[in-house]
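Visitor: dropping a prediction and its sequence here:
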Amino acid sequence: MTTLLEFADVSFGYTAEPILEAVNATVSAGECIALIGPNGAGKTTLLRLAAGMLTPASGEVRFQGAPLRRRSRQHIARSIALVPQNLDVPFAFTVEQIVEQGRTPFIRALGGLQRTDREAIENALELTDTGYLRARIFNQLSGGERQRVKIALGLAQQPRLLLLDEPAQQLDIARQMEMMQLIRSLRSQGITLLASMHDLFLIDDTFSSVCSISPGEPLQQGPVDEMLCPESLERIFHCPPGSLPRKEICLA
Ligand SMILES: Nc1ncnc2c1ncn2[C@@H]1O[C@H](COP(=O)(O)OP(=O)(O)OP(=O)(O)O)[C@@H](O)[C@H]1O
């Protein structure tokens with residue numbers, strides 16, 4: 001499989017205190033990876049580094065073999081979309097206006113939206129089943145509706161790699177199932193995904209593999225069943241050995 005994204009010995013900290021140290025990881029084209037780890041381990045930070053929004057203190061993040069730090073924000077945004085946990089929209093923008101923002105990296109000066117931009121926007125609305133919300137004010141939507149619109153915004157960028165930060169957060173069980181169905185459908189369309197996930201029970205049927213970050217542990221990547229076994233989870237989440245139930249822990 002072709003390597004799309006690569007972390008090569010990446011270290012990063014917001015202050016002198018490192019959050020990520022000598023991280024090595026790869027995301028291959030077509031993969032759908034769940035990123036797990038304890039609160040504060042650095043999942044959001046890793047996603048921001050992957051999107052080129054943060055620059056490593058040392059090491060390199062590469063996309064299709066080229067270091068991200070040598071690419072412009074606009075260039076990166078044509079290939080990689082990050083769907084954040086929270087999207088602050090200060091004005092009464094409609095859903096359609098929000099999703100249109102995904103085309104910003106493609107618009108030429110004074111050019112406005114072209115036919116290809118309109119097609120990308122319609123496709124994103126259709127894939128996320130948010131077309132019926134297009135005239136609604138984003139800030140007035142429910143949490144579940146907002147989640148889908150945020151993903152539509154990312155998809156409007158027509159990214160090779162879609163990064164999702166906690167896509168299932170604050171969703172009820174039915175909306176969580178719909179979100180996982182959406183992720184599976186994006187996966188079946190060949191979109192490469194890396195998503196931070198707290199709810200481990202949602203991972204099994206949807207993701208192709210799991211990547212873990214945990215303080216004091218090297219980053220690990222592996223098949224879902226191996227990564228979600230009790231022994232592995234106890235190590236990742238720093239639970240005492242034997243504390244996770246063996247019987248019904250069959251997450252995978
Ligand atoms: N802008 C920032 N400035 C300073 N410290 C930050 C900043 N953003 C995050 N941090 C710190 O970096 C660490 C990692 O944060 P991050 O949000 O990446 O963790 P996370 O694994 O996504 O956490 P959670 O599961 O709770 O969402 C935390 O200790 C956090 O407080």
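Guide: All right, it came through fine.

Visitor: ok, which residues in the stretch 1-150 of the chain are in contact with the ligand?
Guide: Residues of the stretch 1-150 of the chain that fall close to the ligand, judged by CB under 6 Å from any ligand atom: Tyr14, Ile19, Gly37, Asn39, Gly40, Ala41, Gly42, Lys43, Thr44, Thr45. C-beta here means a position set from N, CA and C on the backbone, and glycine is covered the same way.

Visitor: need the contact list for the closest residue to the second one other than its chain neighbours.
Guide: Leaving out its chain neighbours, the residue that sits closest to Ile19 by CB to CB, 6 or more residues apart in numbering is Gly42, at 4.4 Å. Gly42 makes contact with Phe12, Ile19, Leu20, Ile213 under the criterion CB atoms under 8 Å, 6 or more residues apart in numbering.

Visitor: pick out the most distant pair among these.
Guide: With distances taken as CB to CB, the most widely separated pair in the contacts of Gly42 is Phe12 and Ile213, at 11.6 Å.

Visitor: name the residues contacting each of the two.
Guide: Contacts common to Phe12 and Ile213, judged by CB under 8 Å, 6+ apart, are Leu20, Gly42.

Visitor: where does this protein dip in pLDDT?
Guide: Low-confidence segments of the chain (pLDDT under 70): 109-110, 247-252.

Visitor: grab the nearest non-local neighbour of Glu21.
Guide: Ser11 (5.0 Å).

Visitor: hang on, that neighbour in a strand?
Guide: Yes. Looking at Ser11 with DSSP: H, G, I helix; E, B strand; the rest coil, it is inside a strand.

Visitor: pretty sure it contacts Ser58?
Guide: Yes. Taking CB atoms under 8 Å as the definition, Ser11 is a contact partner of Ser58 at 4.8 Å.

Visitor: having no further points to raise, I will conclude here.
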